[in-house]
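A.B. asks: My questions concern the predicted model and sequence given below.
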Amino acid sequence: MKTIRVLYVEDDPTLLGIVSNLLEQQPELQLVCVSDSISALAKLDSQVFQAALLDISLGSDSMSGIELAHQIRRFNPEIGIVFFSQYAESARPNSRSDYYMGWSTIAKSGDLDGEFITQVLLDAAIGKSHNVEVEEPMRQMPAELVQALSPKQVQIMGYLSQGYDTTKTAIALKLAPITVRAELTKIYKILVPTPEPGTDLRTTAVLRYLRAQAHSGRLGND
Amino acid sequence: MTKKPNPEGLLIIWKLALSNPWTYPTFPVVVTLLLLQTIFFSRVQQTLWGTWTPELSLQILLCVALLISCSFLCLKVSQRLIASQSKTSNRFIIFYISNLLWAVLNYLILKALLPDQLQPFPFAGLKLFVGLTATQFFWSLISIQLNRELVAKEALVQELVKQRAQIIESEEETRQLVSKYLHNNLQSGLVVINHQLGEAIKELPEAARGRFQSILKELEMMRKVEIREASRALSPNLDVLSLETLVEPLIDVYKASMKVTVRSQDIEYSSVKHIGLAIYRIVEQVLLNATVHGGAQNATVDFIVEDSSVRLTISNDGKPVDVDAIAFGIGTAIIDTWVSSLDGKWGIDLNTEGNTSFTCKLAI
């Protein structure tokens, strides 16, 4: 199996620890970790790397991950660059020039996937790019979806968000429990239109409803 | 509250006027002299009222024209000569000699052109000399006082501009501090917590897993979208690849109401990164004005690098502004502060299509 040497630069020590643990389990990678840009450039003097995994924000006293990437490319124009950041899209190139071959971006998230990061690094090392997409559907979500609820549904969600179960909600609203359940089925279709397998519909719906309230200031059981 | 006169200040002005009697403005001095001469001769004219003829009028008109020309010429030449001298004594000599020459010239004009009844009175030359010197002193006094007030007001304006810049700078620092906290501490911390929660959830019984995974997903969404956007709304991310990426969040803000196109002619971002915040804030204000005041639906942002400076042009198809009557509001004050802080220039004009076009040039 072909392995590649990867330079990983991350200034957050906890993330550095977690991500390096994840990536060290990948047999295709030989990982060298540093926490700042100066150490990163020093490593380039002594070792040859096929890819670099860079955070963009490396602290106020340091050059940014993007500036570091340009410096690294001066040392080694062939090296694959992968940005791993919460602002990954800010490193996404607008141009299709050859310079940006093997120039990739991955958004940091809680569900860190070692295999996915490894694949992006392997691709970047041979000049393939992978770029993060801006998560469009999430932006539109909360307030607009709740506007689609009927007044009765808003009242039901108001009680559910306070921890009431179906029976107590039915008593509070003087409705039959079956009516509440029927309304809830409709509510889930509105608030959780495309549930992933294993999604707890009630929890997701309540959390989305609460987020929507924070945006619109509308409360169900007032 | 009425402003009390300051005797010490008045004394200083008197001293300044006495030691610099040539600081008068020429036009008011000439007008004052003419008025004084008119009043002086009006008594004689009253006695001549019965014998008034068109010839006499012509004679007086010619005399007045000559007096005005002669006065302007003398005073201007005198002021030029005085300005060319560095020694005060020389200045005084030129000042008094030119006043004497003016008095003699005036006397000769009056003598040659006026009818016998209006001929100058005894010691008229001396009176003219004294009159001119007193008038010059009077106007120098006013000019010095006005200049002092102007300088004081300009200093106040400068102070105001400085304070405005400091307020914006301090506000920006606070915004950056909170934004960095949200991004570096809170978001990074949540990434780690969410990851660890995710690992812990895997160990839960199947039945409970779904519920906790849903909570985790919503938490992750709040981190990814809401906290991230709050951080970006406070302070823009300057660690970007290009000018287009820098202003991309602004394009996003107005996406629903206005289409914004950005062109930057392959400008290397590293060469303008140090003024990135100023560029972002200026574009932000101009786009806000275009949509709020102009109701624009399309806007174009152009960046061009020329002569060690970046030229930013923002055109929009909104209601054309009255370029001569642009109100100096908060938006323009913010733009002015950012542009001034970089010794730049800005202006608003109407382009060939009649659209409003904002241009500014910032040194890089």
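C.D. replies: Everything's here; your move. Just so it is clear, the structure is predicted and the values come from calculations on it, not from any experiment.
A.B. asks: Determine if any part of the lengthiest helix in chain B is in contact with chain A.
C.D. replies: When chain B is parsed with DSSP state H, its longest helix is helix B:124-180. Yes - applying CB under 8 Å from any CB of the partner chain, one finds helix B:124-180 in contact with chain A at residue B:180. Just so you know, the C-beta spots here come from the backbone N, C-alpha and C atoms, and that holds for glycine as well.
A.B. asks: Could you break chain A into its assigned domains?
C.D. replies: A:4-125, A:136-216 (automatic domain parsing).
A.B. asks: by contact count, what packs against the longest helix of chain B?
C.D. replies: The helices and strands touching helix B:124-180, judged by 3 or more CB pairs under 8 Å, 6 or more residues apart in numbering or on different chains; DSSP states H and E, are helix B:7-19, helix B:26-48, helix B:88-113, helix B:228-234, helix B:330-341.
A.B. asks: Deepest in the core, which of the domains of chain A is it.
C.D. replies: domain A:4-125 (a mean of 19; mean count of other CB atoms under 10 Å in any protein chain shown).
A.B. asks: Which of the helices and strands in the chain ranks last by mean pLDDT?
C.D. replies: Picked chain A for this. Ranked by mean pLDDT, DSSP states H and E, the weakest helix or strand in chain A is helix A:136-147, scoring a mean of 60.
A.B. asks: Sorry, I should have been clearer: chain B.
C.D. replies: helix B:26-48 (a mean of 76).
A.B. asks: so after that one, what's the next helix or strand?
C.D. replies: Counting by DSSP states H and E, the next helix or strand C-terminal to helix B:26-48 is helix B:54-84.
A.B. asks: Measure how that following helix sits relative to helix B:88-113, angle-wise.
C.D. replies: Angle between the axes of helix B:54-84 and helix B:88-113 is 170 degrees (criterion: axes from the mean of the first three to the mean of the last three CA atoms, to 10 degrees).
A.B. asks: What average pLDDT does helix B:54-84 get?
C.D. replies: Average pLDDT, helix B:54-84: 86.
A.B. asks: ok, now stretch A:213-222?
C.D. replies: Computed over stretch A:213-222, the average pLDDT equals 56.
A.B. asks: and what of stretch A:49-61?
C.D. replies: 90.
A.B. asks: Might you list the low-confidence residue ranges for the stretch 201-350 of chain B?
C.D. replies: Applying pLDDT under 70 to the stretch 201-350 of chain B flags residues B:322-331.
A.B. asks: I should have written chain A there, sorry.
C.D. replies: Using pLDDT under 70, chain A drops low at A:1, A:133-143, A:215-222.
A.B. asks: Swap in 80 and give it another go.
C.D. replies: In the predicted model, chain A carries pLDDT under 80 at residues A:1, A:60, A:94-96, A:132-146, A:196-198, A:211-222.
A.B. asks: Run through the strands of the stretch 201-350 of chain B in chain order.
C.D. replies: In the stretch 201-350 of chain B, the strands defined using DSSP state E, counting those that start in this stretch lie at B:259-263, B:298-306, B:309-316, B:345-350.
A.B. asks: Same list (those) but as a markdown table, adding mean neighbour count and distance to residue B:99.
C.D. replies: Listed next are these as a markdown table, based on neighbours: other CB atoms under 10 Å in any protein chain shown; distance: least, CB to CB, whole Å:
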| stretch | mean neighbour count | distance to residue B:99 |
| --- | --- | --- |
| strand B:259-263 | 17 | 65 |
| strand B:298-306 | 17 | 54 |
| strand B:309-316 | 22 | 51 |
| strand B:345-350 | 15 | 45 |
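A.B. asks: Output these as CSV; include the columns distance to chain A.
C.D. replies: Formatted as CSV, the strands of the stretch 201-350 of chain B follow (distance: least, CB to the nearest CB, whole Å):
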stretch, distance to chain A
strand B:259-263, 9
strand B:298-306, 13
strand B:309-316, 18
strand B:345-350, 26
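A.B. asks: Put together a markdown table for those, with distance to residue A:150 on each row.
C.D. replies: Compiled in a markdown table, these are given as follows (distance: least, CB to CB, whole Å):
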| stretch | distance to residue A:150 |
| --- | --- |
| strand B:259-263 | 35 |
| strand B:298-306 | 38 |
| strand B:309-316 | 41 |
| strand B:345-350 | 49 |
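A.B. asks: Could you measure from the residue of chain B most remote from its centre over to residue A:198?
C.D. replies: In terms of distance from the mean C-alpha position of chain B, residue B:205 ranks first, at 70.5 Å (CA atoms, centre = their mean). Per CB to CB, to the nearest Å, residue B:205 is found 13 Å from residue A:198.
A.B. asks: Check residue A:32 too.
C.D. replies: Taken as CB to CB, the span from residue A:32 to residue A:198 is 37 Å.
A.B. asks: re the thing from before, let me see the backbone angles for the residue farthest from the centre of chain B.
C.D. replies: Residue B:205 has phi and psi values of phi -60, psi 150 when expressed as degrees, to the nearest 10.
A.B. asks: related to what we said a few turns ago, do you know which of the helices and strands packed on helix B:124-180 lies nearest chain A?
C.D. replies: helix B:228-234 (6.1 Å; CB to the nearest CB).
A.B. asks: So which other helices or strands are in contact with that closest one?
C.D. replies: Checked by 3+ CB pairs under 8 Å, 6+ apart, helix B:228-234 has helix B:124-180 packed alongside it.
A.B. asks: what mean pLDDT does the helix it packs on have?
C.D. replies: In the prediction, helix B:124-180 has an average pLDDT of 89.
A.B. asks: and the angle for that helix with helix B:54-84?
C.D. replies: 50 degrees.
A.B. asks: ok and helix B:124-180 relative to helix B:330-341, angle-wise?
C.D. replies: Using the same axes, to 10 degrees: helix B:124-180 against helix B:330-341 is 100 degrees.
A.B. asks: Skipping adjacent residues, who's closest to residue B:295 in space?
C.D. replies: Nearest residue to residue B:295, sequence neighbours excluded (CB to CB, 6 or more residues apart in numbering or on different chains): residue B:318, at 5.2 Å.
A.B. asks: can you count the residues close to that neighbour?
C.D. replies: By other CB atoms under 10 Å in any protein chain shown, 20 other residues sit near residue B:318.
A.B. asks: Might you name the residue of chain A sitting closest to chain B?
C.D. replies: For chain A, CB to the nearest CB, closest residue to chain B: residue A:110, 2.5 Å.
A.B. asks: part of a strand, is that residue?
C.D. replies: No - Residue A:110 is assigned coil when assessed by DSSP: H, G, I helix; E, B strand; the rest coil, not a strand.
A.B. asks: Please consider this matter closed, and thank you.
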